[in-house]
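In: got a predicted structure here, sequence first:
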Amino acid sequence: MLDRTATQFSHVKPGDTEFVSGGLRNFFLYRDLGVAEATNGKVIAHLVKANMAPETGTGWHRHEADFQIVIMVKGWARFMYEDKETLVEAGDVVHQRPGIRHFLFDYSPDMEYLEIVSPADFKSIDVEPVCEVPAPTPWK
């Protein structure tokens, strides 16, 4: 039987929460979708969108997380996953296996993605560079 005490029902409409700064990256804005609170920190779901041009990108890092997916809602982003360049476009879904070393280095001005991660308080750990990273596309 489903344990209904461990999590709560949650329904967040577009006007219920706003995009705000202060998330993991200062060049992105984040919109909380209420999932972390509803799951008592088991899962976080937020929308992430571009706020500034990709001058330096995220740097090489990995996450201490059990599960992470990125669903590109608008625009595109280019990642290095280990030594493989990957273009993620609107409609694409990426499962980032735990511990994968990656670098988000380029994205469109309209980039927006849904990120779902467990646990909600996952950590981002800087790592040594894996390989050279291409230059980002300048915004006009």
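Out: On my side now, so go ahead.

In: tell me the first helix or strand C-terminal of the helix or strand hosting I69.
Out: Assigned by DSSP states H and E, I69 falls within strand 67-74. For strand 67-74, the following helix or strand on the C-terminal side (DSSP H and E) is strand 76-81.

In: centre of the chain versus that following strand, how much separation?
Out: Centroid separation for strand 76-81 versus its chain: 11 Å, with Cα atoms, centre = their mean, to the nearest Å.

In: quick check: angle from that strand to strand 67-74?
Out: Between strand 76-81 and strand 67-74, the angle comes out at 150 degrees (axes from the mean of the first three to the mean of the last three Cα atoms, to 10 degrees).

In: tell me the secondary structure for A36?
Out: helix (DSSP: H, G, I helix; E, B strand; the rest coil).

In: wait, it touches A120, no?
Out: Yes - using Cβ atoms under 8 Å, A36 is in contact with A120, at 3.9 Å. For the C-beta atoms, the positions are set from N, CA and C on the backbone; glycine is no exception.

In: okay, the two: which has more neighbours?
Out: For A36 and A120, the more surrounded residue by other Cβ atoms under 10 Å is A36, and the numbers stand at 20 against 17.

In: low pLDDT regions in this structure?
Out: 1-5 (pLDDT under 70).

In: center of this structure, which residue is that?
Out: Centroid-nearest residue in the chain, with Cα atoms, centre = their mean: E115, separated by 4.5 Å.

In: returning to that earlier point: pull out the buried residues from the strand holding I69.
Out: 68, 70-74 (16 or more other Cβ atoms under 10 Å).

In: centre of the chain to stretch 129-140, how far?
Out: 18 Å.

In: end to end, how far does it reach?
Out: By Cα to Cα, to the nearest Å, the extent of stretch 129-140 from end to end equals 29 Å.

In: hmm, Y113 is touching A50, no?
Out: No - applying Cβ under 8 Å, one finds Y113 not in contact with A50, separated by 9.7 Å.

In: right, I'll call it a day here.
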